[in-house]
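[1] one predicted model, sequence on top.
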Amino acid sequence: MHKTIGQINERIREGCARVVTAEEMPGIVAELGEEGALKEVDVVTTGTFGAMCSSGAFLNFGHAEPPIRMERIWLNNVEAYGGLAAVDTYIGATQQSDTLQAEYGGAHVIEDLVAGKSVELRASSHGTDCYPRRTITTELLLENLNQAIMCNPRNAYQRYNAATNMTDRVLHTYMGTLLPGSGNITYSGAGVLNPLSNDPKLRLIGSGVPIFLCGAPGMVIGEGTQHSPAAGFGTLMVTGDLKQMSQEYLRAATMTGYGVTLYVGLGVPLPVLDLDVVRATAVRDEDISVDILDYGVPSRSRPTIRTATYAELRSGSVEINGEEIRTSSLSSFRRARSVALELKQWVESGKMPLALPARAIDPIKQNKPMHQSKKGPRVLDIMDRSVITIGEDEGIQTAAKKLLRGETNHLPVVNGQGILVGIITTFDVSKAVANPGKAHLVRDIMKTKVITAAPDESVDIAIQKLEQNNISALPVIDHDRRVIALLTAMHLGKLLGGRWLK
Amino acid sequence: MKLLVTFSRGKGRKPIIAQVVRDTGVLINVERANIDSSEGEALIDVPDDQCQLVRDSMSGLGAKVRILEHGIIYNESECVDCGACISICPREVFSFDAEWKLQYADEKCILCGKCIDVCPHRALTLPL
């Protein structure tokens, strides 16, 4: 048995379509079986509500008198794109205010417009024969704009990796605040309700398909940026009319230490055409797993600590190394549910007829990392290989002499096998000399917790280590923890005026 | 009952809390404390019926004592029920109910303030 989209729309028009949410569907399939569920259910509604940074809106302000071709544009001191002709702009969600920084951004401008608040437009231009005006400042309401069209390049991630932090300091990320020593786990995503998880083969979701977007009827444009369904990370590019949106499903937010983002509510109604759709929409939280990554590793490829299903993440805690670690969601399951329920009402009431994709989205595409034609500077490019070390059993006086002779302020300390065991600075030696008595050997005064660098590490990572630890040198070590060089703040000077800045 | 005790450490650096415990016999639970060379602030929990006794004793030793009736201020209209605060709070003040709505247990809050910056929607603030 199968149904056509025409038959389903006919049943919607007649008011007899059975519409359920993706959360209800697994239970129905368990109760009625797949054939029974196909017969019973016509539409499954999905929903998600979470931080979707890659969002924004096209705005058209209408022409001023005399007219201006705006080149630089600010809305409530948040810069908007000025590369579109005359009175068009694109305001991106993550753009931060020139004055309030991360506490106010493009997402807040969009929310303020939707909330009916007035927003100050400020723009400048160099002035032309056809557009003589050079500056303009005016207060605008959403209703004053000709168009306000939300257009989000990357929304509705199929699922998203969870985050933890194995380092010993607090991290501030787009995955929220991560406590040291895997003190917590954060995750995002609606799991059972997620649109793409209910249509992983992208048979039903594609260009032209009607959706719920922040409380307004919207549409799928096509695949989203970084769309990578082969890895289970499909995304959607979507659009909708900002003028019909509601604050209930559109919220600006700030991730402390990271920046501004926009919480977007998005849902897709899925027509139940055949058994494949029934099976896909029977997906449960238990069936969708994500990797918990260590965000303490500042790299594109972060190590996986373990995998967990949305059911485990939502249970409140997940075990890591024998310890129950508490989880925090960053997306709201309650609002995802509201999206799916409101969309259900829309479909039932005939407000949103269903459509199949006008053009399909690639279901097997794989996202590529950036092609980098030039490598940035690495530690080995600027480190000082003529590093002087000292043995842990040597005397403090020897250390003082070495510091003087080597014209350095840092001495990495090694054991009998040449392995790094500590570090001493001129400060440590001076302190020991100023307070004589207790300490005689290097091992008595060395710091054993040494922050190190690897030779192939990016200089940017090394700079971050210096900054975060408020130190001025990093011993560079090989895989066996043998000291091969020293990187000091002074060596960073090589970057200036050198070939790396050309 | 929770009391916020503030004291100056200028004169003699008296062990105020220990002194009060000895004088009154009330077992004081120190929920959090922030003490530096010149001043200190401690949030303590004492049984309701012995609150007045502890207050008087602390005040007698030169400390300022204020009853904390409320924890962190929770603005429900800004909250979207994400739960970012849940795993950050050391006292498990926040939780979800069966409908995934955020629940806030005011009486457990010790006003450490850790949740404030963690809330993406700035729905949590310290009382003045």
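    Now that the structure is in, tell me what you want to look at.
[2] list the contacts of residue 81.
    You didn't say which chain, so I picked chain A. By C-beta atoms under 8 Å, 6 or more residues apart in numbering or on different chains, residue A:81 lies in contact with A:73, A:89-92. In short, each C-beta sits where N, CA and C put it, glycine included.
[3] that answer is for a different chain, and I need it for chain B
    A:332-335, B:96, B:100-102.
[4] what's the answer for residue B:32, then?
    Taking C-beta under 8 Å, 6+ apart, one finds B:42-43, B:110, B:112 in contact with residue B:32.
[5] could you export the residues you listed to a markdown table, including columns for secondary structure and neighbour count?
    Shown next, in a markdown table, are the contacts of residue B:32 (DSSP: H, G, I helix; E, B strand; the rest coil; neighbours: other C-beta atoms under 10 Å in any protein chain shown):
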| residue | secondary structure | neighbour count |
| --- | --- | --- |
| B:42 | strand | 20 |
| B:43 | strand | 19 |
| B:110 | coil | 19 |
| B:112 | coil | 19 |
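[6] all strands of chain B, in order?
    B:2-8, B:29-35, B:39-45, B:64-68, B:73-74, B:94-96, B:102-104, B:124-125 (DSSP state E).
[7] ok, residue A:60 - contacts?
    If you count contacts by C-beta under 8 Å, 6+ apart, residue A:60 has them with A:87-88, A:145-148.
[8] what about residue A:138, is that helix, strand or coil?
    Classification of residue A:138 by DSSP: H, G, I helix; E, B strand; the rest coil places it in strand.
[9] right, and it touches residue A:118 too?
    No - using C-beta atoms under 8 Å, residue A:138 is not in contact with residue A:118, being 9.7 Å away.
[10] on that earlier part again, which of the contacts of residue A:60 fall within strands?
    Counting by DSSP E, those place A:88, A:147-148 in strands.
[11] wait, which of the contacts of residue A:60 is closest to chain B?
    residue A:148 (22.3 Å; C-beta to the nearest C-beta).
[12] neighbours around the closest residue to the closest one other than its chain neighbours, how many?
    Distances taken as C-beta to C-beta, 6 or more residues apart in numbering or on different chains place residue A:242 nearest to residue A:148, at 3.8 Å, with adjacent residues excluded. Neighbour count of residue A:242, defined by other C-beta atoms under 10 Å in any protein chain shown: 23.
[13] cool, and the one 10 residues further on?
    Neighbours of residue A:252 under the rule other C-beta under 10 Å: 24.
[14] that one bridge partners, please.
    Beta-bridge partners for residue A:252, by DSSP bridges, are residue A:262.
[15] how much space separates it from residue A:202?
    30 Å (C-beta to C-beta, to the nearest Å).
[16] same thing with residue A:72?
    According to C-beta to C-beta, residue A:72 and residue A:202 sit 40 Å apart.
[17] quick one: buried residues of stretch A:120-131?
    By neighbour count on 16 or more other C-beta atoms under 10 Å in any protein chain shown, the buried set for stretch A:120-131 is A:121-125, A:131.
[18] before we move on, what about stretch A:261-270?
    Of all the residues in stretch A:261-270, those buried under the rule 16+ other C-beta under 10 Å are A:261-270.
[19] which of the residues you listed fall in strands?
    The strands, defined by DSSP E, take in A:261-267, A:269-270 from the buried residues of stretch A:261-270.
[20] and those as JSON lines, adding pLDDT and distance to residue A:165?
    JSON lines is the format used below for those (pLDDT from 0 to 100; distance: C-beta to C-beta, whole Å):
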{"residue": "A:261", "pLDDT": "97", "distance to residue A:165": "19"}
{"residue": "A:262", "pLDDT": "98", "distance to residue A:165": "25"}
{"residue": "A:263", "pLDDT": "98", "distance to residue A:165": "23"}
{"residue": "A:264", "pLDDT": "98", "distance to residue A:165": "26"}
{"residue": "A:265", "pLDDT": "98", "distance to residue A:165": "29"}
{"residue": "A:266", "pLDDT": "98", "distance to residue A:165": "29"}
{"residue": "A:267", "pLDDT": "98", "distance to residue A:165": "32"}
{"residue": "A:269", "pLDDT": "98", "distance to residue A:165": "38"}
{"residue": "A:270", "pLDDT": "98", "distance to residue A:165": "37"}
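[21] closest to chain B among the residues you listed?
    Using C-beta to the nearest C-beta, these come closest to chain B at residue A:263, 6.2 Å.
[22] which residue, other than its chain neighbours, is closest to the closest one?
    Distance criterion C-beta to C-beta, 6+ apart; nearest residue to residue A:263, sequence neighbours excluded, is residue A:251 at 4.1 Å.
[23] count of neighbours near the one you found?
    Counted with other C-beta under 10 Å, residue A:251 comes out at 27.
[24] quick check, pLDDT for it.
    On the pLDDT scale, residue A:251 is placed at 98.
[25] now do the contacts for the closest residue to residue A:230 other than its chain neighbours.
    Spatially, and ignoring its direct neighbours in sequence, residue A:230 is nearest to residue A:366 (4.3 Å; C-beta to C-beta, 6+ apart). When contacts are counted by C-beta under 8 Å, 6+ apart, residue A:366 touches A:228, A:230-231.
[26] phi first, then psi, for the residue nearest to the spatial centre of chain B.
    Against the mean C-alpha coordinate of chain B, by C-alpha atoms, centre = their mean, the closest residue is residue B:110 at 3.1 Å. Per-residue torsions, residue B:110: phi -110, psi 20 (degrees, to the nearest 10).
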